[in-house]
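Q: Here is a sequence with its predicted model. Questions after.
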Protein chains: 8
Amino acid sequence: MELTIYLAGQIHDDWRDELKDKAERKNFSINFVGPQENHQLSDSIGEDIMGQQPGKVYRDEAASSINNFRTQLLLSKADAVIALFGEEYKQWNTAMDASLAIQANKPLILIRPESLVHPLKELSNQATVTVETIEQALKVLGYVYE
Amino acid sequence: MELTIYLAGQIHDDWRDELKDKAERKNFSINFVGPQENHQLSDSIGEDIMGQQPGKVYRDEAASSINNFRTQLLLSKADAVIALFGEEYKQWNTAMDASLAIQANKPLILIRPESLVHPLKELSNQATVTVETIEQALKVLGYVYE
Amino acid sequence: MELTIYLAGQIHDDWRDELKDKAERKNFSINFVGPQENHQLSDSIGEDIMGQQPGKVYRDEAASSINNFRTQLLLSKADAVIALFGEEYKQWNTAMDASLAIQANKPLILIRPESLVHPLKELSNQATVTVETIEQALKVLGYVYE
Amino acid sequence: MELTIYLAGQIHDDWRDELKDKAERKNFSINFVGPQENHQLSDSIGEDIMGQQPGKVYRDEAASSINNFRTQLLLSKADAVIALFGEEYKQWNTAMDASLAIQANKPLILIRPESLVHPLKELSNQATVTVETIEQALKVLGYVYE
Amino acid sequence: MELTIYLAGQIHDDWRDELKDKAERKNFSINFVGPQENHQLSDSIGEDIMGQQPGKVYRDEAASSINNFRTQLLLSKADAVIALFGEEYKQWNTAMDASLAIQANKPLILIRPESLVHPLKELSNQATVTVETIEQALKVLGYVYE
Amino acid sequence: MELTIYLAGQIHDDWRDELKDKAERKNFSINFVGPQENHQLSDSIGEDIMGQQPGKVYRDEAASSINNFRTQLLLSKADAVIALFGEEYKQWNTAMDASLAIQANKPLILIRPESLVHPLKELSNQATVTVETIEQALKVLGYVYE
Amino acid sequence: MELTIYLAGQIHDDWRDELKDKAERKNFSINFVGPQENHQLSDSIGEDIMGQQPGKVYRDEAASSINNFRTQLLLSKADAVIALFGEEYKQWNTAMDASLAIQANKPLILIRPESLVHPLKELSNQATVTVETIEQALKVLGYVYE
Amino acid sequence: MELTIYLAGQIHDDWRDELKDKAERKNFSINFVGPQENHQLSDSIGEDIMGQQPGKVYRDEAASSINNFRTQLLLSKADAVIALFGEEYKQWNTAMDASLAIQANKPLILIRPESLVHPLKELSNQATVTVETIEQALKVLGYVYE
């Protein structure tokens, strides 16, 4: 069975590559999708396409509409969502993608370090599974194939 | 026309009282609901009801399930949602409530200071309206009655 | 039985008042709602609430988000929609409100002059009923009470 | 990933061919669908299939039901919608298709010239992305593949 | 608890009055709604409102759109549906209303004489309850209040 | 584009074969599905699988549940529905399948002879297209591919 | 705020009366509904209304359709569900009502003794809150009003 | 036509293998999915992935979240569900999976021995088909292909 999994979460390190590599080595038949991982591109894409905007607020508004087009399309194709929270950054996009998945009744794996248990407790309680590491999330995916 | 509005957002100050007072003075026929505003109670409610849990993670898990029961019930009753982000705290519950409203097709007013424009840009772009102050959010509500 | 009817359509003349007056004289127990009928206010509401914007496009964007908040909220409360097309103006908001009602499975009465039969034929075919005058639309509403 | 995109909008020029050509040259794996582009056929299809009707209104009604069958079927297959507004014509079908996509939660790219900013402001505000040219819309699609 | 029940079925005799009378005598707090029971009006309503049509097919088309407006509106208000089949007539409206209720997940009581068991077997199997008399249908309603 | 079309309607003659043959000759890439066409099997399937039942009513109940399993499964796979009404029989299954398709928002082509215009007027008005012959229905399908 | 709560669970003791009494003493504005609590009536209601059936299986089938009519109607009216599992009986109706609530996105409180933790673990994990006593369930309801 | 069928029910014997073997011999093009059949693994999977938990209740909670991830994902992929009840065990997961399928409008075949007719009567009445043996369930599946 082929699955499509949306990888929500920060785009400041290469956690998605790590996860994809491991999934490939386990021969899971999974198509991973996710947000734009080139941070600078994700911020400039509005002006890149629509031209210069009158200030930062409008530059952000333009970029965000294109990022949302990408997310809405790929999320609708996904069979499940993995959302990873790290210890830095505000990560409201991660919270948004995870919550859109919950309300759309898509199974959700939440990955978060122990230090974030308290501020993420309500979101974690609504996720289908909560784990602490990428390796654990992969094992949950693997359990579907067992 | 009577409306029910869910007030998502931080529970560390009295912004809800301010908003309710102003709405009352304007004679809006609005029933405001929202999360538990007693922060300590919101953290202890799991153990208050279910008894002592084996550590902080489980104490949080117990409390969060009861907070989610409250939120899911009141959100389902709401005609619209106002979500306020402040400059402190992680506020992932605010992001979650706002996103659940978006996916459930409920109109959403986002209130956030200018300093948060960038990290909230994708959520703001999906909100129905984004403003910067409580007073502005009230004016949007008032516009429905005009 | 009390009904809420959303009156979509142009805001350049007083067709809604005419319809409401006639409905009142027939003692229909109907609560009519609709878009902001003060055209100038509907254009300026963005800047009225959020302050000056950097140009017309942004002024329009600000106003439209608040008009959409109003429409989304009132449309969700409505049991049925009446959409009136006149011979002037582009009236894309009317087409939008009518189509949102169709997709949301709300009964829709379309009012349009004979001169608009051709350009409105696909929308008319998806409406529940199409008539040519306000008086006819009222008779359709009246038939529900007979 | 293979996508199906519905191209809503006027059928009086060859903008769809331009867009398809460019998409092909970029090797996007996209299946484009849309309304009947042969304008005369789109007007006569009712009488072509059902025989002569008693006048123009009935000829239009017959044609529109078959055009709607095509649109409803292809729209349900589409992962996203591009809706192009030009400076001529009433284009209520474009507004209808775009609004059906919005209510059905399908991502929507709106293309409109600057001259139409004001009359399209509410629809634009509900679209996922709004741009001014076909080239820009293609870049938004391309961003999904990056 | 107040309920709204839609009474689908033939409009050639006074079975609805019989049912309403009995319900009133049992003090059920039920608001009964249903199709237009004046058969002649139900056939002529299109031309009554829209004026003369070019033949019977178009007269029927006009009337049916207004009958459907009524049904769609009242069915959306109903908590449950009772659909009565008699031994005469084609009764395809009854089958349609009952099936719309099934797909919309509204509880459905089917009333049909023993002679119609065979041709109605698939519809009966999808109904929530099937009985043979109005009296039995009322007892099912009464059971909700017990 | 490959389509799945459900063919609702009477199973007493070979109209489906005629339609499939013609579709094949036109090289439409369509997978046709539909109810069990072996009438005797469709009546006996309950007792064939579950053993003898205590009378005709229960024999019908057993068969209908299995026929409904087939229809529910195949209808959920269908992109559109064609429902054919002939001049004989009660054909309530045809009315049911057509109405389930309407409420599930699937495009519907209704085929009915002129003699049935009046009793089918409300169902016809809710269908996406109504025609009189199989050949016409095929032309509507063909229009999607043009 | 007035709430309607469906009380799913065994009908062999008076746990509902205990819960209603306590809720009344706390002045909660709650309308409690639930299945038929007269066990004998719940078993005989099919034959009571439809007459004698040809054996136990058919007697049960007749009764169950009427019990399901009641449950489907009352569950659709409920804002939330409380499902109580006791140590005896198979209680598959309780599991069914709880699961229908989960899939319909209604908040669910599960009450079960510690001895049932293991066999109910997957259902408990999908419930919004799980507690062990009626008193605890009431406290969860009370928390909504705090 | 290729189908995906979810096999809900006890995991203490090899009934799924029997069913799959027979389906294969009949050349049905069916992809069967279902819960984890390794009972011990299904109980330990939480601690296997997340590490030791503070007691049985938490061990069960951890395992159940991963079992639910699997079920939610596979159930969403399924075209229909077969739920088998045996004479032993509480089988609340079987009741849950069957009920989730009912509410999600997926066709459901219930298999249960005669001895369970009474306690399963309401669930059976909501299933699309109820049979007593695996062989009969296969014949129902086969009927879809006939």
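A: Looks like it came in fine.
Q: Three-state assignment for the residue in chain A that chain E sits nearest to, please.
A: The nearest approach of chain A to chain E comes at A:Asn105, 16.1 Å away (Cβ to the nearest Cβ). Just so you know, the C-beta spots here come from the backbone N, C-alpha and C atoms, and that holds for glycine as well. Taking DSSP: H, G, I helix; E, B strand; the rest coil as the rule, one finds A:Asn105 in the coil state.
Q: A:Glu24: neighbour count?
A: Counted with other Cβ atoms under 10 Å in any protein chain shown, the burial measure for A:Glu24 works out to 11 neighbours.
Q: What of A:Glu47?
A: The local packing of A:Glu47 (other Cβ under 10 Å) involves 15 other residues.
Q: Quick check: residues of chain A near chain D?
A: Remark: the part of chain A in contact with chain D comprises A:31, A:33, A:36, A:38, A:41, A:45, A:48-50, A:65-66, A:68-70, A:72-74, A:76-77, using Cβ under 8 Å from any Cβ of the partner chain.
Q: go with 7 Å
A: Chain A has residues A:36, A:45, A:49-50, A:65-66, A:68-70, A:72-73, A:76-77 near chain D, with proximity defined as Cβ under 7 Å from any Cβ of the partner chain.
Q: If any of the residues you listed are buried, give me the PyMOL selection for them.
A: Burial among these is assessed by 16 or more other Cβ atoms under 10 Å in any protein chain shown; the matching PyMOL selection reads:
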select buried, chain A and resi 36+45+49+50+65+66+68+69+70+72+73+76
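Q: Next one: A:Asp13, what pLDDT does it get?
A: A:Asp13 carries a pLDDT score of 85 in this model.
Q: Where does it sit: helix, strand or coil?
A: Assigned state for A:Asp13: coil (three-state reduction, three-state DSSP).
Q: Run a quick neighbour tally on the residue nearest to it when sequence neighbours are not counted.
A: Once flanking residues are discounted, A:Asp13 sits nearest to A:Gly86: 7.7 Å by Cβ to Cβ, 6 or more residues apart in numbering or on different chains. Neighbouring residues of A:Gly86 were enumerated by other Cβ under 10 Å; the total is 17.
Q: Kindly report the same for A:Lys20.
A: Using other Cβ under 10 Å, A:Lys20 has 17 other residues around it.
Q: same thing with A:Glu88?
A: Burial of A:Glu88 is recorded as 9 neighbouring residues (other Cβ under 10 Å).
Q: before we move on, what about A:Asp43?
A: Residue crowding around A:Asp43 was assessed by other Cβ under 10 Å; the count is 18.
Q: so what's it up against?
A: A:Ala63 (Cβ atoms under 7 Å, 6 or more residues apart in numbering or on different chains).
Q: For the helix or strand hosting it, output the C-alpha coordinates as PDB.
A: A:Asp43 is part of helix A:39-50 when elements are defined by DSSP states H and E. Once non-C-alpha atoms are left out, helix A:39-50 reads as follows in PDB (Å, rounded to 0.1, in the frame of the first residue of the first chain):
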ATOM      1  CA  HIS A  39      13.500  29.300   4.200                       C
ATOM      2  CA  GLN A  40      14.700  32.300   2.200                       C
ATOM      3  CA  LEU A  41      12.600  31.200  -0.800                       C
ATOM      4  CA  SER A  42       9.600  30.700   1.400                       C
ATOM      5  CA  ASP A  43       9.900  34.300   2.700                       C
ATOM      6  CA  SER A  44      10.600  35.900  -0.700                       C
ATOM      7  CA  ILE A  45       8.200  33.800  -2.900                       C
ATOM      8  CA  GLY A  46       5.500  36.500  -2.800                       C
ATOM      9  CA  GLU A  47       7.700  39.200  -4.200                       C
ATOM     10  CA  ASP A  48       9.500  36.800  -6.500                       C
ATOM     11  CA  ILE A  49       6.200  36.100  -8.200                       C
ATOM     12  CA  MET A  50       4.200  39.300  -7.700                       C
END
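Q: any idea of the mean pLDDT in it?
A: 97.
Q: ditto for stretch A:75-86
A: 98.
Q: Tell me what the residue lying closest to A:Lys77 once chain neighbours are set aside is bridged to.
A: In space, not counting the residues next to it along the chain, A:Lys77 is nearest to A:Thr4; the distance is 5.4 Å by Cβ to Cβ, 6+ apart. Each beta-bridge partner of A:Thr4 is listed here, defined by DSSP bridges: A:Asn31.
Q: Then A:Leu110?
A: Taking DSSP bridges, one finds A:Ala83, A:Thr130 as the beta-bridge partners of A:Leu110.
Q: if we can go back for a sec, quick one, the following helix or strand past the helix holding A:Asp43 and helix C:56-77 angle?
A: Downstream of helix A:39-50, the first helix or strand assigned by DSSP H and E is helix A:56-77. Relative orientation of helix A:56-77 versus helix C:56-77 (axes from the mean of the first three to the mean of the last three Cα atoms, to 10 degrees): 40 degrees.
Q: Can you tell me what sits against helix A:56-77?
A: With Cβ under 7 Å, 6+ apart as the test, helix A:56-77 has contacts from A:4, A:6, A:33, A:35-36, A:42-47, A:49-50, A:53, A:97, A:100-101, B:117-118, B:121-122, B:124-126, C:58, D:1, D:79-80, D:107, D:109, D:128-129, D:140, D:143-144.
Q: same check, this time on stretch A:114-128
A: Where contact means Cβ under 7 Å, 6+ apart, the residues beyond stretch A:114-128 that reach it are A:85, A:87, A:95, A:98, A:102, A:107-110, A:112, A:130, A:132, B:57, B:60-61, B:63-65, B:67-68, B:90, B:92-93, B:96, H:65, H:68-69, H:72.
Q: Can you find the helix or strand in chain A with the smallest mean pLDDT?
A: Within chain A, confidence by mean pLDDT, DSSP states H and E is lowest for helix A:15-25 among all helices and strands, at a mean of 95.
Q: how far away is the residue in chain A sticking out farthest from the centre from H:Ile45?
A: Note on chain A: the largest C-alpha distance from the chain mean falls to A:Pro54, namely 30.0 Å (Cα atoms, centre = their mean). Taking Cβ to Cβ, to the nearest Å as the criterion, A:Pro54 is separated from H:Ile45 by 54 Å.
Q: what's the answer for A:Ser99, then?
A: Applying Cβ to Cβ to A:Ser99 and H:Ile45 gives a distance of 26 Å.
Q: for A:Asp13, same thing?
A: Computed with Cβ to Cβ, the distance linking A:Asp13 and H:Ile45 is 29 Å.
Q: Might one say that A:Ala95 is in contact with B:Asn93?
A: No. With contact taken as Cβ atoms under 7 Å, A:Ala95 and B:Asn93 are classed as non-touching, separated by 8.7 Å.
Q: overlap in contacts of these two?
A: Listed as contacting both A:Ala95 and B:Asn93 by Cβ under 7 Å, 6+ apart is no residue at all.
Q: Buried ones in stretch A:6-17, by neighbour count?
A: Of the residues in stretch A:6-17, those with enough neighbours to count as buried (16+ other Cβ under 10 Å) are A:Tyr6, A:Leu7, A:Ala8, A:Gly9, A:Gln10, A:Ile11, A:Trp15, A:Arg16.
Q: So which residues make contact with it?
A: Outside stretch A:6-17, the residues that touch it by Cβ under 7 Å, 6+ apart are A:19, A:32-35, A:37, A:39, A:42, A:74-75, A:78, A:81-86, A:89, A:91, A:94, A:97-98, A:134.
Q: Buried ones among those residues?
A: With neighbours counted by 16+ other Cβ under 10 Å, those contain buried members at A:19, A:32-35, A:37, A:42, A:74-75, A:78, A:81-86, A:91, A:94, A:97-98, A:134.
Q: Next, count neighbours for A:Lys56.
A: Applying other Cβ under 10 Å, we find 12 residues neighbouring A:Lys56.
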